[in-house]
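Asks: Sharing a model prediction with you, sequence too.
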Amino acid sequence: MSEKTSGSNVSIDNIYKLDGRVPVAKAIPFGLQHVMAMFVANLAPILLVCGASKLLGSDAGKIGGVELARIMQSAMFIAGLGTLVQLYPVWKIGSRLPVVMGVSFTFVQALGYIGTNFNYQTAIGAIIVGGCVEGCLGLTYKYWKKIVSPIVSACVVTTIGFSLLAVGAKSFGGGYVDDFGAPKYMLVGLITLVSCIAFSSLAKGFWKQLNVMFGLIVGYIISLIFGIVDFSHFTGTINTVGFIALPRVLPYKPIFNPGAILSVVLIFLVSAAETIGDTTAVVAGGLDRDITEKEVSGSLACDGFLSAVSGVFGCMPITSFSQNVGLIAMTKVVNRFTIMFGALILILAGIFPPVGAFFSTLPEPVLGGCTIVMFGTIVVSGMDMIGKCGFTQRNTIIAALSISIGIGFTQTLGIFDYFPKVIGDIFAGNSVAGVFVLSMLLNFVLPKNMDVKKLVGMR
């Protein structure tokens, strides 16, 4: 039976509907579940890029200490702001879909190179320009939408799922630790995974959709028992930033270098492909329908312009988070009001650093145990999308060739060594980029009415 408040349309059943109100006490844990699923991954790109970048005008040269803590604070704030705009658009910016935003891994290699060989301020300048370019592409999507056909989107979604499987496995085994794969990490990951599955199987009604939250709590408790929860960052953040701190606007003066801007703009095009794939997967997996032109346009505009805003706050670009796409596909919880609480939690974490610091203590094996199933659901959603496109000779060639080359080449070391460096930077570590470009090219050059007889010479 629906749980409703008298004289209103507030109902727990609305968690499966895009619009409608859900009781606040029930909405908060669902929103929190989305935050916990992506929190550490939202901060990881910052650590990687800042660890390699030098800061112009800094005595220490490298970014660390208070500066790093403040950039991570901005990352939480901008992720929440971006998610809020996706849920409740501003003008044409935002998709009005349950898309959760976070700092993008796609830019790590390019921004790390710029931060090392130039400086972090040059990276910020490139982010601001590149974000505006993608945002404008989003607003003009109707003029170039035919380039990205349904089979192209299906290939991209499938590849996003495949590319995340290794991420889930890496977390399951302990993440970036010296004793990766140690029994304690594997056991924590397994207990977390089993907890998620057991709760989903045994819980009744809407409660079963909180299986990831339950797994995270159980896994965290087991991690405390095993002594693998690291509280050093929690105490360090409080000591350096304090309990309350507003994100800084233009903490670093942007430097606009043409070469850096060009390379980052190219990566923004790849990020746009991932956003199209993620947004399409949210609609297909959560709402069981095709995505609209307006939704893609708003999603891309938010992805781009909010990335530019992120640069203004001294932070890296943000994009749609595939972890949360998998969560939506698995739970079918798509209510915007519910996920809004996740956005608000992220914003609060950006204003109250200890909140974010606590979430960052979630151990990698716990995240791996929860996300490994979610990532698999993205693969299944992509396959389902390919099936809906139809297994014609043309679609089969597009999917088979783009996925095999796009994924296969990223797993083969040295295959891009004789290509220009910019090609290697874009494609060597990003299978989604290769699949996107190849599937688009094949979709453009292969005949629309292609069939078996034409392929074999009309035998």
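Replies: Alright, I've got the coordinates.
Asks: And the pLDDT at the most centrally placed residue in the chain?
Replies: The residue lying closest to the centre of the chain (C-alpha atoms, centre = their mean) is Phe321, at 1.9 Å. On pLDDT, Phe321 comes in at 84.
Asks: doesn't Thr106 make contact with it?
Replies: No: applying C-beta atoms under 8 Å, one finds Phe321 not in contact with Thr106, separated by 11.6 Å. Every C-beta, even on glycine, is put in place using the N, C-alpha and C of the backbone.
Asks: which stretches of the stretch 201-350 of the chain have low pLDDT?
Replies: Applying pLDDT under 70 to the stretch 201-350 of the chain picks out residues 206, 233.
Asks: Which parts of the stretch 151-300 of the chain are strands?
Replies: For the stretch 151-300 of the chain, applying DSSP state E, counting those that start in this stretch gives no strands.
Asks: okay, and for the stretch 1-150 of the chain, where does confidence drop off?
Replies: Counting by pLDDT under 70, the stretch 1-150 of the chain has low-confidence residues at 1-8, 40, 58-62, 64-65, 109.
Asks: ok, and the closest non-adjacent residue to the residue nearest to the centre of the chain?
Replies: Nearest residue to Phe321 in three dimensions, chain neighbours excluded: Gly102, at 4.4 Å (C-beta to C-beta, 6 or more residues apart in numbering).
Asks: What about the residue nearest to Ile93 when sequence neighbours are not counted, how many residues nearby?
Replies: Once flanking residues are discounted, Ile93 sits nearest to Ala301: 4.5 Å by C-beta to C-beta, 6+ apart. Residues lying near Ala301 (other C-beta atoms under 10 Å) number 26.
Asks: host element of Ala301?
Replies: Using DSSP states H and E, Ala301 maps to helix 293-312.
Asks: helices or strands up against that helix?
Replies: helix 65-87, strand 101-103, helix 120-139, helix 141-144, helix 258-282, strand 318-320 (3 or more C-beta pairs under 8 Å, 6 or more residues apart in numbering; DSSP states H and E).
Asks: how about a cut-off of 7 Å?
Replies: helix 65-87, helix 120-139, helix 141-144, helix 258-282, strand 318-320 (3 or more C-beta pairs under 7 Å, 6 or more residues apart in numbering; DSSP states H and E).
Asks: Now for the chain: which helix has the highest residue count?
Replies: Longest helix of the chain, by residue count under DSSP state H: helix 24-52.
Asks: how far does that helix sit from the chain's center?
Replies: 10 Å (C-alpha atoms, centre = their mean, to the nearest Å).
Asks: now it and helix 65-87, what's the angle there?
Replies: Angle of helix 24-52 versus helix 65-87, following axes from the mean of the first three to the mean of the last three C-alpha atoms, to 10 degrees, is 130 degrees.
Asks: Contact partners for the residue nearest to Phe321?
Replies: The neighbourhood of Gly102, defined by C-beta atoms under 7 Å, 6 or more residues apart in numbering, consists of Met38, Ala41, Asn42, Ala79, Ile318, Phe321.
Asks: Extract the CA atoms of the helix holding Ala301 and return them as PDB.
Replies: Written as PDB, here are the backbone C-alpha positions of helix 293-312 (Å, rounded to 0.1, in the frame of the first residue of the first chain):
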ATOM      1  CA  GLU A 293      16.500  15.700 -28.400                       C
ATOM      2  CA  LYS A 294      15.700  18.200 -25.600                       C
ATOM      3  CA  GLU A 295      17.100  15.900 -22.900                       C
ATOM      4  CA  VAL A 296      20.400  15.200 -24.800                       C
ATOM      5  CA  SER A 297      20.800  18.900 -25.500                       C
ATOM      6  CA  GLY A 298      20.200  19.900 -21.900                       C
ATOM      7  CA  SER A 299      22.500  17.200 -20.600                       C
ATOM      8  CA  LEU A 300      25.400  18.200 -22.800                       C
ATOM      9  CA  ALA A 301      24.800  21.900 -22.100                       C
ATOM     10  CA  CYS A 302      25.000  21.200 -18.300                       C
ATOM     11  CA  ASP A 303      28.000  19.000 -18.800                       C
ATOM     12  CA  GLY A 304      29.900  21.700 -20.600                       C
ATOM     13  CA  PHE A 305      28.900  25.000 -18.900                       C
ATOM     14  CA  LEU A 306      29.000  23.500 -15.400                       C
ATOM     15  CA  SER A 307      32.500  22.200 -16.200                       C
ATOM     16  CA  ALA A 308      33.500  25.800 -17.100                       C
ATOM     17  CA  VAL A 309      32.000  26.900 -13.800                       C
ATOM     18  CA  SER A 310      34.000  24.200 -12.100                       C
ATOM     19  CA  GLY A 311      37.200  25.800 -13.700                       C
ATOM     20  CA  VAL A 312      36.100  29.100 -12.200                       C
END
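Asks: ends of stretch 199-215, how far apart?
Replies: 8 Å (C-alpha to C-alpha, to the nearest Å).
Asks: Give me the buried positions along that stretch.
Replies: Neighbour-count burial for stretch 199-215 flags Phe199, Ser200, Phe206, Gln209, Leu210, Asn211, Val212, Met213, Phe214, Gly215 (criterion: 16 or more other C-beta atoms under 10 Å).
Asks: and if you look at stretch 225-243?
Replies: Judged by neighbour count using 16+ other C-beta under 10 Å, the buried positions of stretch 225-243 are Phe226, Ile228, Val229, His233, Phe234, Thr237, Val241.
Asks: From one end of that stretch to the other, what's the distance?
Replies: 28 Å.
Asks: hmm, who's touching that stretch?
Replies: 65-66, 69-70, 73, 184, 188, 223, 352-354, 357-358, 360-361, 363.
Asks: Name the nearest of those residues relative to Tyr16.
Replies: The closest of the contacts of stretch 225-243 to Tyr16 turns out to be Phe358 (C-beta to C-beta; 30.1 Å).
Asks: residues in contact with the closest one?
Replies: Phe358 neighbours (C-beta under 7 Å, 6+ apart): Phe234.
Asks: does it sit in a helix or strand, and which one?
Replies: Phe358 belongs to helix 353-359, assigned by DSSP H and E.
Asks: ok, now Leu442?
Replies: Assigning secondary structure by DSSP H and E places Leu442 in helix 431-445.
Asks: quick one: buried residues of that helix?
Replies: By 16+ other C-beta under 10 Å, the buried positions in helix 431-445 come out as Ser431, Val432, Ala433, Gly434, Val435, Phe436, Val437, Leu438, Ser439, Met440, Leu442, Asn443.
Asks: Likewise for stretch 51-58?
Replies: Those would be Ala52, Ser53, Lys54, Leu55, for stretch 51-58 by 16+ other C-beta under 10 Å.
Asks: Spatially nearest residue to the second one (excluding sequence neighbours)?
Replies: The reference is to Ser53. Residue nearest to Ser53 in three dimensions, not counting chain neighbours: Gly115, with 2.6 Å by C-beta to C-beta, 6+ apart.
Asks: And the helix or strand in which that neighbour is found, what's buried?
Replies: Per DSSP H and E: Gly115 is located in helix 108-117. Buried residues in helix 108-117, counted by 16+ other C-beta under 10 Å: Val108, Gln109, Ala110, Leu111, Gly112, Tyr113, Ile114, Gly115, Thr116.
Asks: need the helices and strands packed on helix 293-312 in JSON lines with mean neighbour count and distance to Val156, can you?
Replies: Output for the helices and strands packed on helix 293-312, formatted as JSON lines (neighbours: other C-beta atoms under 10 Å; distance: least, C-beta to C-beta, whole Å):
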{"stretch": "helix 65-87", "mean neighbour count": "24", "distance to Val156": "19"}
{"stretch": "helix 120-139", "mean neighbour count": "23", "distance to Val156": "16"}
{"stretch": "helix 141-144", "mean neighbour count": "12", "distance to Val156": "15"}
{"stretch": "helix 258-282", "mean neighbour count": "23", "distance to Val156": "4"}
{"stretch": "strand 318-320", "mean neighbour count": "29", "distance to Val156": "12"}
